[in-house]
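J.: here is a sequence together with a model predicted from it:
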Amino acid sequence: MSTRNATERFVQRLIECQPRVYAYVLAMLADADLADEVLSETNLVLWRKADEFVEGTDFGAWACTVARYQVMAARQKLARDRMVFDDDVLASIADAAPDRTVDIDDRRRALRHCLHSLSRDQQQLIHARYAGDGTVRSLAKQLGRPAGSISQTLYRLRNLLLTCIERRLSEGRS
């Protein structure tokens, strides 16, 4: 594989695992600002150690391992400044965190699948409301519908998505 292709593949894997690594770091630190800093440091370390990644293994697991060391380094730095969890508590959290991050990945995949099962208009409404700046009032004005109608439609769509996600997860699919 060319250097450019290898770099592009590495960046793609890094981008894909960001939510998983962030959730892992946040679970161990319980501080969003610090988790952001540790994630940035983790990304730098991953970039520097890109040639150490073994092709064919789980990139996300490797990234979480690197993140764990970055969390420990951040904790050591914090320990000088304030009281933090002891190592046994952190180890317990770290051991449980991968299960949660996998669950987050499964839920995200299930949501993506369930969103695709909606009609185009429904997808656009969900996107306008939750991915954009759209308020119910602004969407109602834009669509020429009463705000109550938009709210009710969004409520029904959220319930449809929740039911679909839960069904997919219970069937072991995401």
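T.: Arrived safely. Numbering: from 1, shown residues only.

J.: domain ranges for the protein?
T.: 1-100, 117-174 (automatic domain parsing).

J.: what is the mean pLDDT for the last one?
T.: Along domain 117-174, the predicted local confidence has a mean pLDDT of 88.

J.: likewise the first one?
T.: When pLDDT is averaged over domain 1-100, the result is 84.

J.: quick one on the thing from earlier: for the domains of the chain, give me JSON lines that also has distance to Arg108 and mean neighbour count.
T.: (C-beta placed from N, C-alpha, C; glycine too.) Formatted as JSON lines, the domains of the chain follow (distance: least, CB to CB, whole Å; neighbours: other CB atoms under 10 Å):
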{"stretch": "domain 1-100", "distance to Arg108": "7", "mean neighbour count": "15"}
{"stretch": "domain 117-174", "distance to Arg108": "8", "mean neighbour count": "13"}
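
J.: would you turn these into TSV with distance to Ala110?
T.: Formatted as TSV, the domains of the chain follow (distance: least, CB to CB, whole Å):
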stretch	distance to Ala110
domain 1-100	14
domain 117-174	4
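
J.: quick one, which of those is nearest to Asp106?
T.: domain 117-174 (4.0 Å; CB to CB).

J.: and the residue nearest the centre of this protein?
T.: Pro19 (2.6 Å; CA atoms, centre = their mean).

J.: how far off centre is the particular helix or strand that has that one in it?
T.: Element membership for Pro19, per DSSP states H and E: helix 3-29. From the chain centre to the centre of helix 3-29 is a distance of 10 Å (CA atoms, centre = their mean, to the nearest Å).
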